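Colleague: Sequence first, then the predicted structure:
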Amino acid sequence: MSVKIIATSDLHIGRKVTGIEGGGPELSSRETWKKIVGHAIGNKIDVIALAGDIVDHNNRYFEAVAPLLSAFSQLKDKGIQVYLVAGNHDFDVLPRILQSNQFDNVHMLGANGTWEVKTFEKDNERIQFAGWSFPSQYYSKDPTESLDELKTEPSIPAIGLLHGEIGIQGSIYAPVSLSALQNSRIGTWIIGHIHKPDVWCENPYIFYPGSPLALNPKETGPHRPWLITVENGITGVPTPLFNSSIRFEKLGIDVSEAVTEDLFRMKATDAILKMNEKLRPHLGDVSRLVYDVELTGNHDDIGHLEAWAGTMAAATDHGIAGETIVSVRKVETSVKPSVGNLEALAVQSSPAGLLAQIILGINNNEDSPLVNDLLKDWKIKQNEIRLSDAYRPLRNQDATVEDPDFQGRQYLLKESIRLLGTLLQQNKK
Ligand SMILES: [Mn+2]
């Protein structure tokens, strides 16, 4: 006999996919959760293992909690067990829901930031589920520091559930030491928090299953829940179940040779078709494929190029790949002007000369007073915008580590290239 386990994390029930227009109910975490539960019931799954951030903190409580309660009840009827830990988003909601104790099939592990193990048993197969739950919204210590308080039985396979950030020292979301996980007596670690699926180690198997629904355009590539099978005391390698109903991809198109609008259209269409064909075998269950296009290469008419790019982005439909509807969300122009010699231009004191100096200064990573002054101004302006009232709700969300110097330099580089292209084009006329 074998035990079948669905492993996933970061559903953020209550959220919908952001950054795109249109889309039906399939683009909500609530539907993804229902699909996972339906799959579990339809395929005789024994256990659902959830590594935190199941419920989204920023959303309406009842909207998020109702689907969780009805699923727990359905799973209870089918005898399907749920092992879960709380993440930084649901550290308070999950214990509150489970307090009532009406779901004896749902096991929250490691409440209040302690390690806990529970043993699952079916026929002759036994599995230990070990876990640690977020005690508060932020947690700056490494939860593995207290891992030795966990008493597991070495002869029984063990699966660990944890929410945190592997290898990010100083994280306020439970910085986790990889070596501590590797040296533990747990054979498979399911880690939540990072939405991009990622395998950190094969033996023991340490992985982020990732969010099963791509929640925004930054979450590119495949997203899906995973199946883990335990047979005769051996835990198998996780295999993907079904795909997220939406897939985001970045698509770079070199437009150096697209000197007319016709050529630009041909180039763009060709690039999309090629990418569609490449992805097609991986688009089962994907109803929408959304590209963020970046135009690259050298071009001497960036003004026109941007206008052509605008028509591409404005089109609502870019065909289909198999049964998947394809669209382009935005088109960015990162094209460099076809200027013969930036160095020669940079010695001039004209506006074009100054722009060439900025581009060279940033590209060559020079300590240029001109770039430094502009960067200082950019940071002040950017900070004013960031702290304005309009962005207050965003500030309360998880802040990713940003590098303002790098971002500022990239911004200056891009705008200088664009301005220089336009200036040189005007001079030609
Ligand atoms: Mn999280």
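Modeller: Right, received. Where do you want to start?
Colleague: What's the end-to-end length of stretch 247-261?
Modeller: Start-to-end span of stretch 247-261 (CA to CA, to the nearest Å) is 29 Å.
Colleague: Mind listing what's buried along that stretch?
Modeller: Residues 247, 248, 249, 251, 253, 255, 258 are the ones in stretch 247-261 that count as buried (16 or more other CB atoms under 10 Å). Using the backbone N, CA and C atoms, a C-beta is placed for each residue, glycine as well.
Colleague: Show the average pLDDT along whichever strand or helix holds the third one.
Modeller: Looking back up the chat, that one is residue 249. Per DSSP states H and E: residue 249 is located in strand 246-254. Strand 246-254 carries an average pLDDT of 97.
Colleague: that older thread, with distance to residue 311 added, can I get the buried residues of stretch 247-261 in JSON lines?
Modeller: Conversion of these to JSON lines gives the following (distance: CB to CB, whole Å):
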{"residue": "247", "distance to residue 311": "24"}
{"residue": "248", "distance to residue 311": "22"}
{"residue": "249", "distance to residue 311": "21"}
{"residue": "251", "distance to residue 311": "17"}
{"residue": "253", "distance to residue 311": "14"}
{"residue": "255", "distance to residue 311": "14"}
{"residue": "258", "distance to residue 311": "13"}
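Colleague: Double-check that residue 213 belongs to a strand.
Modeller: No: counting by DSSP: H, G, I helix; E, B strand; the rest coil, residue 213 is not found in a strand; it is coil.
Colleague: There's contact between it and residue 18 in this structure, I believe.
Modeller: No: at 11.4 Å, residue 213 does not count as touching residue 18 under the criterion of CB atoms under 8 Å.
Colleague: which of these two has more neighbours?
Modeller: Comparing residue 213 with residue 18 by other CB atoms under 10 Å, the one with more neighbours is residue 213, at 31 against 10.
Colleague: OK, contacts around the closest residue to the more buried one other than its chain neighbours?
Modeller: Nearest residue to residue 213 in three dimensions, chain neighbours excluded: residue 32, at 4.2 Å (CB to CB, 6 or more residues apart in numbering). Neighbouring residues of residue 32 by CB atoms under 8 Å, 6 or more residues apart in numbering: 11, 212, 213, 244, 245.
Colleague: Please check these and keep the buried ones.
Modeller: 11, 212, 213, 244, 245.
Colleague: Read off the pLDDT value for the nearest residue to the fourth one once chain neighbours are set aside.
Modeller: Residue nearest to residue 244 in three dimensions, not counting chain neighbours: residue 223, with 3.9 Å by CB to CB, 6+ apart. On the pLDDT scale, residue 223 is placed at 98.
Colleague: Next: the one 4 residues further on.
Modeller: For residue 227, the pLDDT comes out at 98.
Colleague: list the helices and strands the strand holding residue 249 packs on?
Modeller: Counting contacts by 3 or more CB pairs under 8 Å, 6 or more residues apart in numbering; DSSP states H and E, strand 246-254 is packed against helix 261-279, strand 288-296.
Colleague: mind giving me a markdown table with those and columns for distance to residue 99 and mean pLDDT?
Modeller: Below are the helices and strands packed on strand 246-254 laid out as a markdown table (distance: least, CB to CB, whole Å; pLDDT from 0 to 100):
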| stretch | distance to residue 99 | mean pLDDT |
| --- | --- | --- |
| helix 261-279 | 45 | 94 |
| strand 288-296 | 39 | 95 |
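Colleague: Which residues belonging to the helix ranked longest in the chain are considered buried?
Modeller: Secondary structure of the chain read by DSSP state H shows that its longest helix is helix 404-428. In terms of neighbour count (16+ other CB under 10 Å), helix 404-428 has its buried residues at 408-409, 412-413, 416-422, 424-425.
Colleague: ok, and the closest non-adjacent residue to residue 50?
Modeller: The spatially closest residue to residue 50, leaving aside those adjacent along the chain, is residue 84, at 3.9 Å (CB to CB, 6+ apart).
Colleague: ok, what's across the strand from the one you found?
Modeller: Residue 84 forms beta bridges with residue 50, residue 108, as assigned by DSSP bridges.
Colleague: got the contact list for it?
Modeller: Counting by CB under 8 Å, 6+ apart, residue 84 makes contact with 49, 50, 51, 52, 54, 94, 106, 107, 108, 109, 131, 161.
Colleague: Please identify which of the residues you listed is nearest to the ion.
Modeller: Closest approach to the ion among the contacts of residue 84 (CB to the ion): residue 52, at 6.1 Å.
Colleague: before we move on, the earlier item: between the buried ones among the contacts of residue 32, which is closest to residue 227?
Modeller: Nearest to residue 227 among the buried ones among the contacts of residue 32 is residue 212, at 12.0 Å by CB to CB.
Colleague: Which residue is the nearest non-sequential neighbour of the closest one?
Modeller: Of all residues not flanking residue 212 in the chain, residue 225 sits nearest, at 4.5 Å (CB to CB, 6+ apart).
Colleague: Quick check: the one you found touching residue 209?
Modeller: Yes: assessed by CB under 8 Å, residue 225 is found in contact with residue 209 at 6.8 Å.
Colleague: quick one: common contacting residues for these two?
Modeller: 7, 8.
Colleague: so what's residue 416 up against?
Modeller: Counting by CB under 8 Å, 6+ apart, residue 416 touches 355, 358, 359, 362.
Colleague: Could you rerun that using 10 Å?
Modeller: Contacts here follow CB atoms under 10 Å, 6 or more residues apart in numbering; on that basis residue 416 touches 337, 354, 355, 356, 357, 358, 359, 360, 361, 362, 371, 374.
Colleague: Spit out the contact partners of the fourth one.
Modeller: The neighbours of residue 356, taking CB under 10 Å, 6+ apart as the test, are 337, 339, 341-348, 350, 416, 420, 424.
Colleague: one more time with 8 Å, if that's ok
Modeller: Listed by CB under 8 Å, 6+ apart, the contact set of residue 356 reads 339, 342, 343, 345, 346, 348, 420.
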